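[1] sequence below, structure please.
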Amino acid sequence: MTASTQAGQAAKTERLGPIHLMPGVTPMNVVTKLYAAFICIGMLTGMSILQGYILTEHLGLSRGEQGNAAGTLAFWTEIVAIFLITPFGVLSDRIGRRPVLVFGIVMMGIGYGLYPFAETLGELLFYRMFYAVGMASVSAMLASITNDYPQDRSRGKLIGISSALNVIGVMFISGVIAQIPNVLIGQGYDSVSAGKVMFLVVACLGIITALLSQLGLKGGTVVKPKDRSTFKELMQAGLRSAKNPRISLAYAGAFAARSDLVIKALFLSLWAIQDGRTYGLDSGGAMARFGLILTAMSLASLIANPFFGWFIDRVNRVTAFMVALAFASIGYASMGIITSPLDYWMMPYFIVLSLGSSFMLQASLGLIGQEAPIKERGSIIALSGMFGAIGILIFSKGGGIIFDAWGPWAPFVVAGTYQAVLFVIAGIIRVMAPGDFVEGSPWKPQVESDEEEPLAASGAIEVTNTSAQAPEKPAAN
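    Residues are numbered from 1 along each chain as shown. Modelled structure (predicted):
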């Protein structure tokens, strides 16, 4: 067999529907990743959704005590994420994504399994730390694997599909898992036993997902052992790469994108409960009414996310980032003029708000995945996640202060203002340092050539056990 024939076979790639995969990545690897995203995102958001039951039924905290308790738990979770997410990213560049992800899923599962057995708030905080360690690992690895598996021309499509499954995962936790106590109590179980079953079901799902991830995800590292950066180089990679203005832009976007989710989850529900008095509703009635708007927001994101992923692959990624910022800034700023989150006539504003926050996550991930050098991608994406955790801390704490002092609209308008400023900065970068166009984009200048797209361009080839590797295209600076 000639060397050219061997090289051709080494560069052979597969597809999953419209998604072109990197050499060595199989459709089963991608399907496993999508399933892992469905379960893991549900577990990541489910803790905030389900822990209210533990605070009320297991610990017996009054409503006036629950806000402070939830804030303390969330605060220390993000502190752990800030300190650990970058080391996990560095470790994944050295030993591979799969073991780090599997470890994280197991830790989250342990946290869920222990949570309902806490008898004091101190015990609950201790058990929450298992979850926090897993959260730092899983959030970094899911983002890295999403960027590792597709060729650059299909990066947005996989991000869009993954984002849709993220939404389904959250709906599964809130619509199925959260209903377990009601079902069991109706069958004669006491509330504490029902809560234990609910959390243990999630823990078991986590352990099963860890096992399937070990079996179904691609093993190995993204570059050959001799080409790996040292730990010191990887720890410095995130800040060093900020010299690239598009990576700095992605960092700034991550700061807003993850905090967007917290602002929606934390302050919209509180706003709805407060406005419920105007409508003559108690807390439960207000949340039930607002639940219809939340459902509409989720459905809008579920439908739109794959289409925005396709859009990301058709335009310059900074342009896609600007479109996401436009939706986000308009959606968040519009909260300053709505009458109430319980007013169904305001639903279009909330839909734009939901689209903006989901588009921001996709655009930030697509941009940093394109620009980050392959052998340092895990470290750089992890630093992006750290900026997101810092954003959550700042917006949740500061947002709570201005929520009480200025009004319930204030955290949203402040977030929208930040995103509007970032939109202007992104426009300058689009003009001054736009980077390369995506291969296959109708706007990309065409060069006469019969060759296929460079298969390793801005993608990952896990080569620990392979003998050939396609060349990596350097990120445009």
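[2] only C-alpha atoms from now on, for both contacts and neighbour counts.
    OK.
[3] using the three-state scheme, assign Pro23.
    Here Pro23 is coil, with the state taken from DSSP: H, G, I helix; E, B strand; the rest coil.
[4] can you show me the helices along the stretch 1-150 of the chain?
    Using DSSP state H, counting those that start in this stretch, the helices of the stretch 1-150 of the chain run over 3-10, 27-53, 63-95, 97-114, 121-148.
[5] how about the longest one: buried residues?
    Counting neighbours by 16 or more other CA atoms under 10 Å, one finds that the buried residues in helix 63-95 are 69, 73-78, 80-82, 84-95.
[6] now do the last one
    Within helix 121-148, the residues scored as buried using 16+ other CA under 10 Å are 124-148.
[7] off-centre distance for it?
    12 Å (CA atoms, centre = their mean, to the nearest Å).
[8] tilt between it and helix 97-114?
    Between helix 121-148 and helix 97-114, the angle formed by their directions is 150 degrees, by axes from the mean of the first three to the mean of the last three CA atoms, to 10 degrees.
[9] span of stretch 174-189 from start to end?
    Taking CA to CA, to the nearest Å, stretch 174-189 runs 21 Å from one end to the other.
[10] and for it, what's in contact with it?
    With contacts defined as CA atoms under 8 Å, 6 or more residues apart in numbering, stretch 174-189 is touched by 46, 49-50, 190-191, 194-195, 197-198, 201-202.
[11] one more: stretch 362-369?
    When contacts are taken as CA under 8 Å, 6+ apart, the neighbours of stretch 362-369 outside the stretch itself are 143-144, 147, 155-156, 159-160, 163, 246-247, 250-251, 253-254, 257, 309, 312, 317-318, 320-321, 324, 377, 381, 458.
[12] and the helix or strand hosting Leu365, average pLDDT?
    With elements delineated by DSSP states H and E, Leu365 resides in helix 347-371, which encompasses its position. Averaging pLDDT along helix 347-371 yields 90.
[13] the stretch 301-450 of the chain: helices as residue ranges?
    Per DSSP H, counting those that start in this stretch, the stretch 301-450 of the chain has helices spanning 317-333, 347-371, 377-405, 410-432. These are given in chain order.
[14] tell me how far the second one lies from the chain's centre.
    In terms of CA atoms, centre = their mean, the centre of helix 347-371 is found 11 Å from the chain centre.
[15] orientation of it relative to helix 377-405 in degrees?
    150 degrees.
[16] any chance of the helices of the stretch 1-150 of the chain in JSON lines with mean pLDDT and distance to Gly356 as columns?
    Supplementary listing: the helices of the stretch 1-150 of the chain in JSON lines, determined by pLDDT from 0 to 100; distance: least, CA to CA, whole Å:
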{"stretch": "helix 3-10", "mean pLDDT": "43", "distance to Gly356": "40"}
{"stretch": "helix 27-53", "mean pLDDT": "89", "distance to Gly356": "19"}
{"stretch": "helix 63-95", "mean pLDDT": "84", "distance to Gly356": "23"}
{"stretch": "helix 97-114", "mean pLDDT": "95", "distance to Gly356": "28"}
{"stretch": "helix 121-148", "mean pLDDT": "92", "distance to Gly356": "19"}
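[17] looking at the ones you listed, which is nearest to Gly331?
    The minimum distance between Gly331 and those falls on helix 27-53, with 21.9 Å, by CA to CA.
[18] can you give me the buried ones in the closest one?
    For helix 27-53, burial by neighbour count (16+ other CA under 10 Å) applies to 27, 29-30, 32-47, 49-53.
[19] what is that helix packed up against?
    With contacts defined as 3 or more CA pairs under 8 Å, 6 or more residues apart in numbering; DSSP states H and E, helix 27-53 has these neighbours: strand 15-16, helix 121-148, helix 155-175, helix 191-216.
[20] to Val352, which of the ones you listed lies closest?
    For Val352, the closest of these is helix 155-175, at 15.8 Å, according to CA to CA.
[21] and the helices of the stretch 1-150 of the chain as TSV, adding distance to Ile337?
    As requested, the helices of the stretch 1-150 of the chain are exported to TSV (distance: least, CA to CA, whole Å):
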stretch	distance to Ile337
helix 3-10	58
helix 27-53	28
helix 63-95	27
helix 97-114	40
helix 121-148	34
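[22] which of those sits closest to Ser396?
    helix 63-95 (8.6 Å).
[23] so what's the gap between the one helix or strand Asp275 maps to and the chain middle?
    With secondary structure defined by DSSP H and E, Asp275 is part of helix 269-276. Its chain's C-alpha centre and that of helix 269-276 lie 26 Å apart, by CA atoms, centre = their mean.
[24] which other helices and strands does that helix contact?
    Applying 3+ CA pairs under 8 Å, 6+ apart, one finds that helix 269-276 contacts helix 283-312.
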